[in-house]
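Novice: any chance you could fold what I've pasted below:
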Amino acid sequence: MSEMTSISPTRPYMVRAIYEWIEDNALTPYLMVDATAENLQIPTEHVQDGRIVLNIASRATGNMNMENEYIHFSARFGGVSQEIWVPLTAVMGIYAKENSQGMFFDPNEYENYQPEEDSVAPPKQANAAPKPKRDNKAGLKVLK
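Specialist: Residues are numbered from 1 along each chain as shown. A predicted model of the protein is given here:
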């Protein structure tokens, strides 16, 4: 048998398709994530049994971006906005909260896959500069 080139996994395409189907049917998309995976940026206080389930409904997230390597969005946890980064390799499944319809993925799908070198990665938290505190002054000024 001839040697084949590494084809891209189906997982990112299926996640996007099922997400769209769930949203189109006015259901709530839940993303189950392996919280032990590398390169995650998630609220670790919500991890249970090595997993976290995230509500990724458009009404619950901001700036959702589903790429082939990562899912990135902002969401509020306990009233605090956080940036979430989930590599597709960590996605265990996507399903509707209301009826559990969706798809769970083969954990071995990425075993022989070599991603592109320029894939998007989450920002390094250690290097993140703290946001400067703002004085409680209005941000707009009337010009005459």
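Novice: bridge partners for residue 52, pull those for me.
Specialist: As for beta bridges, residue 52 partners with residue 33 under DSSP bridges.
Novice: residues in contact with it?
Specialist: Each residue near residue 52 by Cβ atoms under 8 Å, 6 or more residues apart in numbering is listed here: 32-33, 35, 42-43, 46. C-betas here are computed from N, CA, C, even on glycine.
Novice: from those residues, which would you call buried?
Specialist: Those of the contacts of residue 52 that meet the buried threshold are 32-33, 35, 42, by 16 or more other Cβ atoms under 10 Å.
Novice: from these, which is closest to residue 111?
Specialist: Using Cβ to Cβ, the shortest approach to residue 111 within these belongs to residue 33, at 18.6 Å.
Novice: quick check: that closest one touching residue 54?
Specialist: Yes - Residue 33 lies in contact with residue 54 (Cβ atoms under 8 Å); the separation is 6.4 Å.
Novice: what's the closest non-adjacent residue to residue 84?
Specialist: Closest residue to residue 84 in three dimensions, ignoring its sequence neighbours and counting by Cβ to Cβ, 6 or more residues apart in numbering: residue 73, at 5.5 Å.
Novice: can you get me a residue count around that neighbour?
Specialist: Residues near residue 73, counting by other Cβ atoms under 10 Å, number 20.
Novice: got the contact list for the spatially most central residue of the chain?
Specialist: In the chain, the residue lying closest to the centroid (Cα atoms, centre = their mean) is residue 71, at 3.3 Å. Listed by Cβ under 8 Å, 6+ apart, the contact set of residue 71 reads 15, 31, 56, 64-65, 84-86, 88, 91.
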